[in-house]
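Student: Need the 3D shape of this:
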Amino acid sequence: QVQLVESGGGLVQAGGSLRLSCVASGSISSVNAMGWYRQAPGSQRELVARTSSGGSTMYADSVKGRFTISRDNAKNTVYLQMDSLKPEDTAVYYCVADITVTMPKYNKRYWGQGTQVTVSS
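Tutor: The predicted model follows:
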């Protein structure tokens with residue numbers, strides 16, 4: 001059993017900052033890629049940022065230069081620092097992790113429950 005628990009969402013004014021956190025726990029052998037998706041009302045879920053186990057990162061064009069993804073492998077935690085927030089960043093943000101589960105070993109993608117980020121103009 002593996003869980004992803006997110007925190008850090010909320011309401012912020014345009015130009016402000018928020019930091020999201022996501023902790024993976026449970027029967028984990030290794031945590032591979034981790035990332036963040038978001039889904040705004042009436043829109044499809046989209047990839048925001050992703051980081052590999054080795055630390056390489058990629059970002060959606062819409063957030064480049066404003067968002068920073070990082071991870072603490074010892075804590076099985078991924079962060080998303082969001083600066084210069086815009087109203088169009090308003091969405092539910094979901095953590096995702098590709099995890100190798102123990103006993104028996106297999107790989108599976110897990111999702112968090114989502115955390116609301118609202119940016120007011």
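
Student: and Lys108, how many neighbours?
Tutor: By other CB atoms under 10 Å, the residues close to Lys108 number 10. Using the backbone N, CA and C atoms, a C-beta is placed for each residue, glycine as well.

Student: Ok, Pro104 next?
Tutor: For Pro104, using other CB under 10 Å, the count is 5.

Student: Quick check on it: phi, psi?
Tutor: Note on Pro104: backbone dihedrals following degrees, to the nearest 10 are phi -80, psi 160.

Student: Tell me the helix or strand right after the helix or strand harbouring Arg38.
Tutor: Using DSSP states H and E, Arg38 maps to strand 28-39. Sequence-wise, the next helix or strand downstream of strand 28-39 (DSSP H and E) is strand 46-51.

Student: burial measure for the closest residue in space to Val2 that isn't next to it in sequence, as a count.
Tutor: Nearest residue to Val2 in three dimensions, chain neighbours excluded: Gly26, at 3.8 Å (CB to CB, 6 or more residues apart in numbering). A count of nearby residues for Gly26, using other CB under 10 Å, gives 13.

Student: before we move on, what about Gly10?
Tutor: Gly10: 13 neighbours (other CB under 10 Å).

Student: Quick check: it touching Thr118?
Tutor: Yes - here Gly10 reaches Thr118: they are 7.3 Å apart, a contact under CB atoms under 8 Å.

Student: coming back round to it: could you give me the average pLDDT of the strand holding Arg38?
Tutor: Mean per-residue pLDDT for strand 28-39: 96.

Student: Partner strands of that strand and their direction?
Tutor: If you go by DSSP bridges, strand 28-39 pairs up with strand 46-51 (antiparallel), strand 91-101 (antiparallel).

Student: Buried deepest among those strands, which one?
Tutor: strand 91-101 (a mean of 21; mean count of other CB atoms under 10 Å).
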